[in-house]
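**Q** take this sequence and fold it.
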Amino acid sequence: MPNAIVGQSGGPTSVINSSLAGVMQACQMRGAEQVYGMLHGIQGLLEEKVCSLSERMKSFINIELLKRTPSSYLGSCRYRLPEPEEDEAVFEKLFAILKKLDIRWFFYIGGNDSMDTINKLARYGQQTGSDIRFMGVPKTIDNDLMLTDHTPGYGSAAKYIGVVMKEVIRDATVYGTKYVTLVEIMGRNAGWLTAAAALARGEDCEGVDLICLPELPFHEDRFLAKVEKMQKERASVVIAVSEGIKLADGRFVCELSDDARSVDAFGHINLTGTARYLSNLVARNLPTKTRSVELSILQRCAGHLTSRTDITEAFQVGGAAAKAAFEGETAKMVALKRLSNDPYQCTTELVNISEVANYEKKVPLEWINEARTDMTQDFLSYARPLIQAELTPIYINGLTQHIVES
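**A** Take a look at the predicted model:
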């Protein structure tokens, strides 16, 4: 029986390893001789850095620890494959390595850029008559993949944001004096994560006062006017702001600061400092104290606040990808298809990878209220099922236990 190989790419999540477990177990159940793991994704594979997951994950406890361990167990990368027509040598090298390992089934867990990788590999494989099956397994806290109702990783990140925003709001109101707190949340072009701040509102919490998404152009004067008006009604104002909010001319707001910025292999500028810039803007223009909070990587690695719904679905899409590949499918991604909100029901389906790669799903504008300050009930009905229930971590000596590369 031939072998399978799986890799992880892009930014990690708190449930990406559950998808890895799903792929591995399903491949083993269907008879794969070996299940290999790419160390640091496609970039590591090019250097023939692989491990045997079949050897590493022999015990039940290892699988359970893997599912509960945040970040990418195999390591990740941000490596952009060229177009096959532009640099065939890279593909010849990759396919030679796959042949040496006797690979029949290839799985890549990731977001937009990872689906681009699968798309290119599948296209080259079809052009050269390869019998390798290439499958995309969705993952991203950004929730911006097309043709899937939501992505594994988003629910847990949204749960973390909802919980943390409730705690920030409690802290921000303790002194009863004028204070503006700006919380920066990840999201380059899509505001799904920042929108999750709306989940904080409930019987025990007044919720955030303003949500700023990248789907809408940002105007400094309108922003200041809103903050000033809000502070006349209540001393403490808490604002959730996406790191990727842009001015009407397309520039990121964070680019207005003097911070040095790097660019990754996909041409993505490093976004940070948006909340800090706006905090300073408010402090210069309004008679109030300000504070900026940057959640940064905490929102994607908080394994102690994982949603059970999320971790279960992450495992399911991994298993569904293996099932489809063993049945002969290729150049596909497993998508989640919602059947109902209440009760929440969701299943999996296959979509063409070419219709996912390099496209982005934005927050529907109709899910933003007319005042452009909050999310509507439609968004809350969409997001709430994804954050339900918890998977208790395994604790040793009072701390969560993880599995790491051995």
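
**Q** so, low pLDDT: which residues of this protein?
**A** 260-262, 264-268, 406 (pLDDT under 70).

**Q** based on its surroundings, how many neighbours for the nearest residue to Gly75 once chain neighbours are set aside?
**A** Ranked by CB to CB, 6 or more residues apart in numbering and with sequence neighbours excluded, the top spatial neighbour of Gly75 is His40, at 4.1 Å. Heads up, the C-betas are built off the backbone N, CA and C, glycines and all. By other CB atoms under 10 Å, the residues close to His40 number 19.

**Q** which ones are touching His40?
**A** By CB atoms under 8 Å, 6 or more residues apart in numbering, the contact list for His40 reads 49, 74-77.

**Q** can you give me the helices for the stretch 101-250 of the chain?
**A** In the stretch 101-250 of the chain, the helices defined using DSSP state H, counting those that start in this stretch lie at 112-127, 154-172, 192-195, 220-233.

**Q** of all these, which one is nearest Gly318?
**A** Evaluated over these, closeness to Gly318 peaks at helix 112-127, with 13.7 Å, by CB to CB.

**Q** mind putting the helices of the stretch 101-250 of the chain in a markdown table, distance to Asn143 included?
**A** As requested, those are arranged in a markdown table below (distance: least, CB to CB, whole Å):
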| stretch | distance to Asn143 |
| --- | --- |
| helix 112-127 | 11 |
| helix 154-172 | 4 |
| helix 192-195 | 4 |
| helix 220-233 | 25 |
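
**Q** which among these is found nearest to Leu350?
**A** The nearest among these, by CB to CB, is helix 112-127 at 12.7 Å.

**Q** counting contacts, what elements does that closest one pack onto?
**A** helix 88-100, strand 103-110, strand 133-138 (3 or more CB pairs under 8 Å, 6 or more residues apart in numbering; DSSP states H and E).

**Q** what subset of the contacts of His40 is buried?
**A** Among the contacts of His40, those scoring as buried are 74-77 (criterion: 16 or more other CB atoms under 10 Å).

**Q** any chance of these in TSV, plus secondary structure and distance to Ser54?
**A** Output for the buried ones among the contacts of His40, formatted as TSV (DSSP: H, G, I helix; E, B strand; the rest coil; distance: CB to CB, whole Å):
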residue	secondary structure	distance to Ser54
Leu74	coil	14
Gly75	coil	18
Ser76	coil	21
Cys77	coil	23
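
**Q** got a list of what Gln28 touches?
**A** So Gln28 contacts 35, 54 (CB under 8 Å, 6+ apart).

**Q** report the buried residues of stretch 230-240.
**A** 230-231, 235-240.

**Q** pull the CA atoms of stretch 349-366 into PDB?
**A** Only the C-alpha atoms of stretch 349-366 are listed here, as PDB (Å, rounded to 0.1, in the frame of the first residue of the first chain):
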ATOM      1  CA  GLU A 349     -18.700  18.800   1.200                       C
ATOM      2  CA  LEU A 350     -16.000  19.000  -1.500                       C
ATOM      3  CA  VAL A 351     -15.400  22.200  -3.500                       C
ATOM      4  CA  ASN A 352     -12.900  22.800  -6.300                       C
ATOM      5  CA  ILE A 353      -9.600  24.100  -5.000                       C
ATOM      6  CA  SER A 354      -9.400  26.500  -8.000                       C
ATOM      7  CA  GLU A 355     -12.500  28.300  -6.800                       C
ATOM      8  CA  VAL A 356     -11.000  28.800  -3.300                       C
ATOM      9  CA  ALA A 357      -7.300  29.700  -3.900                       C
ATOM     10  CA  ASN A 358      -6.500  33.400  -3.800                       C
ATOM     11  CA  TYR A 359     -10.100  34.500  -3.100                       C
ATOM     12  CA  GLU A 360     -11.300  36.100   0.100                       C
ATOM     13  CA  LYS A 361     -14.600  35.900   1.900                       C
ATOM     14  CA  LYS A 362     -15.500  39.200   3.600                       C
ATOM     15  CA  VAL A 363     -18.000  40.000   6.300                       C
ATOM     16  CA  PRO A 364     -21.400  40.800   4.600                       C
ATOM     17  CA  LEU A 365     -22.100  44.500   4.800                       C
ATOM     18  CA  GLU A 366     -25.700  43.700   5.800                       C
END
